[in-house]
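For reference, the sequence and a predicted model appear below.
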Amino acid sequence: MAEPAKNLKNAKTAITPTREENFPEWYQNVIKAADMAENAPVRGCMIIKPYGFSVWENIQKHFDRMIKAEEVQNAYFPLLIPLSYIAREAEHIEGFAKECAVVTHHRLSKNEKGELAADPASILTEPMIIRPTSETIIGESMHNWVQSYRDLPLKLNQWCNVMRWEMRPRVFLRTTEFLWQEGHNAFATAEEADRDARRMLEVYRDFIENYLAVPVIAGSKTPEERFPGAIETYTVEAFMQDGKALQSATSHNLGQTFAKSSDIKYLDKDGTQKLAWTTSWGMSTRTIGGLIMVHGDDDGMIMPPRVAPHQVAILPFVKDDADKANILEFCEKIQKELRSKDISVQTDKSDARSSDKMWAAIKKGVPVRLEVGAREIAEGQLTLTRRDLGKDGKVKVPVAECAAKIAAALEQMQKDLLANARKRLQSQITDVKSLKDVRDYFAAEKQGGLKLDYSLVKGSEEFAAIKQEYAVTTRCLPFEDNGQKVIVAKAY
RNA sequence: CGGAGUGUAGCUCAGCCUGGUAGAGUGCUUGCUUCGGGAGCAAGAGGCCGCGGGUUCGAGUCCCGCCACUCCGACCA
């Protein structure tokens, strides 16, 4: 039996329930309140609305620049992969077989009941799968493109959609179709390939921490958690406010697995044919879910300035219609000024009441709000509020200095979000000494990650039992502990 | 795919047990007063009550079947 509808305006927080009361429901309501995405009428799929998509566009813009600095080139490969391609790599297909969408026909026709259905006569001689990832089809191209050691390294990336028929979808975190980038690199030697896989993980760490303001733990996956076909999977793990981990990006050293199955060979300087070594690395729209669960509060979204759809919301407060033209003109001037300084701005020109304009900007998590009314014009000062500080952090800034002050506020907010999230991350990880500690921790329904000696976990039946019982997994072997320690947590 | 739950106004839900004219809050529209951390009054629009069948004079309500979604697991970027 559900509770009676709550009056939002009487609620203490803009989002109900609060994070404390019901984290999963809070998460969905933040997305709704910020107008970022909604469930599609298609099972397991989401509709990313303009405000949410804008975050993805910013992620693309910045990350694309970063990978191009690594001499990666963008390209595009087909959505459909012939079944025979993916069947070449046994371990790989083993990993993805259960979640593949399969295309078997190329035409619809009316059946005997008069319903539209796949035309039996149009059955494909070879079924296609909708890519769950593109190692196999890109491998086919690499086979053609790599002839000589001079063709290596070859570094390709594509921004695209993929499909994985997951059992339990959640907006942004796990949807049947999702957007991502997948990078595929090929090298002449094993050393170069491993160095590259680690390098690309470092690029992810840099991006996720410095743009998304989400601190991560970088490390290796345990063998059981590796990407199907990889000899090593590197990961950056973030922790959400409810203490669950989120794998935010992965970089795989594929060894010669795919070079063998796609026959990626080159003629080396010594005149012999050699197999190449490949890597692949990906980051998806899931990171947007991470952003929400790391930064959001009980009033809604908080956007890190560097990926915010707009960094500043100008809120014209019109009390007297006679002032309206004047105030809007003033706002227009400020907007122009800020835009000329590369600050993204949106002015709320609606005739909503001032408090409604303010709450809309709060729920969307716009980093800086500028209140502009008759008062500001008279005083020559603007009222500036940082989303993460709230009303107690309101400051007045002289109009002449506003662009500089706002730029500084955005920069500081970006730093503060990361610093605060890092402090929380540290408090969420507890060092423990035994499997009994692990069992006690999760049995007590504590939320967070545990760090312990990997030797205690590896091959342990007791750990397998804990894993089963409490739905926890090994998240990674952090680089900082040289593979000696493992992080254990529940995960999204 | 296992377990639990929910489908009624744009949204959140009540009504179902005990069959009898379709409800509330919020949102929306209009008007007036308001307006700087969720305003007030008044009027108004808005529903194949998830789909199909059955019982009945009569079904949102009872019975059978189906579908969809949400949550908890298993799977996973």
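Ah, there it is.

Check which helix or strand residue A:179 maps to.
Residue A:179 is part of strand A:177-187 when elements are defined by DSSP states H and E.

Parallel or antiparallel, which strands does that strand pair with?
Paired strands of strand A:177-187, with direction, are strand A:154-163 (antiparallel), strand A:277-284 (antiparallel) (DSSP bridges).

Specify the next element, helix or strand, located C-terminal of it.
Under the assignment DSSP H and E, the closest C-terminal helix or strand after strand A:177-187 is helix A:190-210.

Quick check: buried residues in that next one?
Across helix A:190-210, burial judged by 16 or more other CB atoms under 10 Å covers A:192-194, A:196-205, A:207-210. The C-beta positions use only the backbone N, C-alpha and C, and glycine is treated the same way.

Average pLDDT for that helix, rounded please.
Averaging pLDDT along helix A:190-210 yields 98.

I'd like to know which elements that helix is packed against.
Helices and strands touching helix A:190-210, as assessed by 3 or more CB pairs under 8 Å, 6 or more residues apart in numbering; DSSP states H and E, comprise helix A:50-68, strand A:177-187, strand A:217-220, strand A:232-239, strand A:245-253, strand A:277-284.

Show me what the fourth one pairs with in its sheet, parallel or antiparallel.
Applying DSSP bridges, strand A:232-239 is found paired with strand A:217-220 (antiparallel), strand A:245-253 (antiparallel).

Let me know which of those strands is the nearest to RNA strand B.
Counting by CB to the nearest atom of the strand, RNA strand B lies closest to strand A:245-253 out of those; the figure is 3.4 Å.

Are that closest one and RNA strand B in contact anywhere?
Yes - counting by CB under 7 Å from any atom of the strand, RNA strand B is contacted by strand A:245-253 at A:247-250.

Got phi/psi on the closest residue to RNA strand B within the stretch 351-492 of chain A?
Taking CB to the nearest atom of the strand as the measure, the point where the stretch 351-492 of chain A comes nearest RNA strand B is residue A:373, at 2.2 Å. Per-residue torsions, residue A:373: phi -140, psi -170 (degrees, to the nearest 10).

Spatially nearest residue to it (excluding sequence neighbours)?
Leaving aside its chain neighbours, residue A:373 sits nearest to residue A:317 (3.5 Å; criterion: CB to CB, 6 or more residues apart in numbering).

before we move on, back to that, of the strands paired with strand A:177-187, flag the one that's most buried.
Of all the strands paired with strand A:177-187, strand A:277-284 has the most neighbours on average by mean count of other CB atoms under 10 Å, namely a mean of 26.

and after that one, which helix or strand comes next?
Using DSSP H and E, the helix or strand that directly follows strand A:277-284 along the chain is helix A:286-295.

before we move on, back to that, can you say which of the strands paired with strand A:177-187 is nearest to RNA strand B?
Per CB to the nearest atom of the strand, nearest to RNA strand B of the strands paired with strand A:177-187: strand A:277-284, 3.6 Å.

Tell me what angle the closest one forms with helix A:50-68.
Going by axes from the mean of the first three to the mean of the last three CA atoms, to 10 degrees, strand A:277-284 is angled at 160 degrees with respect to helix A:50-68.
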